[in-house]
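K.L.:
Dropping a prediction and its sequence here:
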Amino acid sequence: MQIPDIKSFLHTAPHLFREVQYPAKKVLLDEGQVSANMFLVKSGALREYFYKDGKELTLEFIIENQAVASFDSFLNGTPSDFLIETLEPSVVYELHYKAFRQLLENPGFQQTFNTLFYKRFSEISKRLMSFIKDSPQERYKQLLKKRPELLLRFPQHYIASYLGITSVSLSRIRNRR
């Protein structure tokens, strides 16, 4: 999800954002923790995931110029259902919930956030529909078409998890091409 005009707020309200550098494999939000921050990725990559039956299942990859939070947790103060972790050394802008509430008083930011939130909701809805109606091979083809950079950037086991299949199944799909 590209950040629409968020960078302008970094300049108009820099005191509300905190630029932080994290090493790879740093957990920024743990499952069950209440999210206090939204993260805007300046450089690097993050991943949303959770555990089921001892396996990591990837919900999303977040790369440069994208934003992430456990939105339900961040907006409602509920425990997060997933983890957010850096996959690479990353520089992020952290926006604390209190600063976010301050920014929402600005109509421009409110419009920008609503655009961001609705776009994210649309992406999640499409991904859910794909899991219901598409085969793993079709999901892989969609990933190749829409986000091919992920295939070059992240390990196969993360990509397989994101597609809802095993690494072995992903290898078979790739070999059929």
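P.N.:
Thanks, I have it.
K.L.:
so who does Tyr93 touch?
P.N.:
Tyr93 sits next to Leu10, Phe17, Arg18, Glu19, Val20, Phe39, Leu40, Lys42 when contact means Cβ atoms under 8 Å, 6 or more residues apart in numbering. Heads up, the C-betas are built off the backbone N, CA and C, glycines and all.
K.L.:
again, but for Lys98
P.N.:
Lys98 touches nothing, counting by Cβ under 8 Å, 6+ apart.
K.L.:
buried stuff in stretch 47-55?
P.N.:
Under the neighbour-count criterion of 16 or more other Cβ atoms under 10 Å, stretch 47-55 has Arg47, Glu48, Tyr49 buried.
K.L.:
out of the contacts of Tyr93, which are inside strands?
P.N.:
Phe17, Arg18, Glu19, Val20, Phe39, Leu40, Lys42 (DSSP state E).
K.L.:
how is this protein carved up into domains?
P.N.:
As assigned by automatic domain parsing, the chain contains the domains 6-125, 134-177.
K.L.:
looking at those, which is buried most?
P.N.:
Ranked by mean neighbour count, the domains of the chain are led by domain 6-125 with a mean of 16 (mean count of other Cβ atoms under 10 Å).
K.L.:
Just list whatever residues bridge to the residue nearest to the spatial centre of the chain.
P.N.:
Centrality entry for the chain: nearest residue to the mean C-alpha point is Ile62, 3.9 Å, by Cα atoms, centre = their mean. Taking DSSP bridges as the rule, Ile62 bridges to Leu46.
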